[in-house]
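Chemist: Sequence plus the predicted model coming up.
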Amino acid sequence: MGSVLSRPDRSVDYVPETVTRSVKLLVAGNFGVGKTTFVNSISEIRPLRTEETITEASVGVDDMAGLPGKTSTTVAMDFGRITLNPQLALYLFGTPGQQRFVPLWEELARGALGALVLIDTRRIDKADEVLSVLEERGVPYAVGINEFDGARSYPLEEVRDALDLAPETPLVRLDARNRSTCLRSLITLVEFLFHRLESRM
């Protein structure tokens, strides 16, 4: 699965005047799981991307196992925006996936209401580190299975058990190249976060 080019009809514009609330969300996940593609697919503005070409300097530093076609990586963040309804705008911050960027994850997590964690079932063990970082910092999250071409599809309960997710943690399937599935996953996350907030009031 490769990154999708920005839509040519998309341009940077102002937040609609009707918007009265905004929410900061993270799009997290391990290296090569599709975060940049996700933000690019769903953002209504031309996303800010900080991708750089992978060079020989990453050999022995970044785990490229299972990613033979990957030629670039996010080195700071991806940023996008989507107006979920006339009153609510979501600001999306895609995190870099490598362990060496954990300090940057911490900065990006400041003020975030929650996170959507993308996983690749072919490398499901790599998700544990990301989930642990969010849990240690008290960032609630939903999990989205990014269904790569050719990857085996597992029952949701098997994936839930493999990740040891809490029963209330949302778990959804999506294709990071498909805007409608990305939108559904964000709606699921936002509903979960708002219900969580209401239960604490």
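Modeler: Sure, I can see it.
Chemist: Going by C-alpha atoms from here, please, whenever you check contacts or count neighbours.
Modeler: Noted.
Chemist: show me what contacts residue 138?
Modeler: The contact partners of residue 138, by CA atoms under 8 Å, 6 or more residues apart in numbering, come to none.
Chemist: That one: which element?
Modeler: Residue 138 belongs to no helix or strand when assigned by DSSP states H and E.
Chemist: From residue 121, how far off is it?
Modeler: To residue 121, residue 138 is 24 Å away according to CA to CA, to the nearest Å.
Chemist: go on, residue 151?
Modeler: For residue 151 relative to residue 121 (CA to CA), the value is 7 Å.
Chemist: again, but for residue 27
Modeler: 17 Å.
Chemist: Between the two, which has more neighbouring residues?
Modeler: residue 27 (27 against 20; other CA atoms under 10 Å).
Chemist: Report the contact partners of that one.
Modeler: Contacts of residue 27 by CA under 8 Å, 6+ apart are 35, 39, 92-95, 115-118.
Chemist: Inside strands: which ones of the residues you listed?
Modeler: 92-94, 115-118 (DSSP state E).
Chemist: So which of these is the closest to residue 187?
Modeler: Among those, residue 116 lies closest to residue 187 (CA to CA), at 10.5 Å.
Chemist: that older thread, between the contacts of residue 27, which is nearest residue 170?
Modeler: residue 116 (9.5 Å).
Chemist: show me the contacts for the closest one.
Modeler: Counted by CA under 8 Å, 6+ apart, residue 116 has contacts 25-28, 141-144, 186, 189.
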